[in-house]
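Novice: Sequence and predicted structure below; questions after.
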Amino acid sequence: MSAEVRVFRTPELLAEGIADAFVAAAHDAIAAHDVFNVALAGGTTPRAAYDLLASQPRCDRVDWARVRCYFGDERCVPPSDSESNYKTAQDALLARVPVLRENVYRMRGELPPVEAAIAYARILRDTLGAAPQLDLCMLGLGADAHTASLFPGNDPLTDDESLVRAVYAQSAQAAKWRLTITPEVINASREVLFGVSGQEKAEALHAVREASFDPCLRPAQIVRPHSGRLLWLVDAAAFGA
């Protein structure tokens, strides 16, 4: 897999790197076509970056009126639920910057899962065109090598052309319906950014980047942008350094 990898000594420096990559992508997209279309990720690693983006000096470096925010995946919970990716982004970033409310497109996890997936695919097509292209797709990596809500044991290309799918995810903690954009959307992006932190991710990171291609076992391997850039921002613990 051809990609750029940047390794940061600490999680704090990694958060700064992710925030700075967001700012740079926003600047380039707005200069090119007057709008920045970004898919936000959930989890603790991007949350730290969101906090930096909502703070000075980075907050003033983004023209938030020209930012349109989407989501890569979501748990099927109400937007006020502590497990909601939207709530994470709202609390850490969106409520703290002058992004236009009508430019935030959340996945409606409170709806029946299949209905919510169809509705979000319609939003993507209505706002981004028949073949949606994001300027930046932010992703995380699970210790099981999943990304977005594409989990091991299932072909990540299932319903790929539908753009968004409902997934029933089994985990050690709980089984839960989730919504996820498909690789069709991810790989059409102009830039895909993985943010990975922590020693518990080291084995998965190595496997995704170095092991044989088996996206049913390691779904993150399916992320191969068609013509965009793939960027891995990782801390030293995750890199195994």
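Specialist: Noted; the coordinates are in hand. Residues are numbered from 1 along each chain as shown.
Novice: Mean pLDDT per helix and strand in the protein: which one sits at the bottom?
Specialist: strand 164-169 (a mean of 93; mean pLDDT, DSSP states H and E).
Novice: Just checking: what are the partner strands of it?
Specialist: Strand pairing for strand 164-169, using DSSP bridges, gives strand 176-181 (antiparallel).
Novice: Pull out the C-alpha coordinates of the strand it pairs with and format them as PDB.
Specialist: Taking C-alpha atoms only, strand 176-181 is exported to PDB below (Å, rounded to 0.1, in the frame of the first residue of the first chain):
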ATOM      1  CA  LYS A 176     -25.200  -2.800  18.100                       C
ATOM      2  CA  TRP A 177     -26.500  -1.500  14.800                       C
ATOM      3  CA  ARG A 178     -24.200   1.100  13.100                       C
ATOM      4  CA  LEU A 179     -24.200   3.100  10.000                       C
ATOM      5  CA  THR A 180     -21.100   3.500   7.800                       C
ATOM      6  CA  ILE A 181     -20.000   5.000   4.500                       C
END
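Novice: contacts for that strand?
Specialist: Residues outside strand 176-181 that contact it (CB atoms under 8 Å, 6 or more residues apart in numbering): 39, 72-76, 107, 109, 113, 116-117, 120, 124, 137, 148-150, 163-169. C-beta: built from backbone N, CA, C; applies to glycine.
Novice: rerun that using 6 Å as the cut-off
Specialist: Residues from elsewhere that reach strand 176-181 (CB atoms under 6 Å, 6 or more residues apart in numbering): 72-76, 107, 113, 116-117, 148-150, 164, 166-169.
Novice: all helices for the protein, in order.
Specialist: For the chain, the helices defined by DSSP state H cover 11-33, 44-53, 85-92, 113-128, 183-186, 202-210, 236-239.
Novice: what comes up buried for the longest one?
Specialist: Think helix 11-33. 11, 14-23, 25-26, 29-30 (16 or more other CB atoms under 10 Å).
Novice: which one of those residues sits closest to Ala131?
Specialist: The nearest member of the buried residues of helix 11-33 to Ala131, counting by CB to CB, is Ala29 at 17.0 Å.
Novice: Pull up the gap between the closest one and Arg125, please.
Specialist: 19 Å (CB to CB, to the nearest Å).
Novice: quick one on the thing from earlier: quick check: the two most widely separated of the buried residues of helix 11-33?
Specialist: Top of the distance list for the buried residues of helix 11-33 (CB to CB): Pro11 and Ile30, 28.8 Å.
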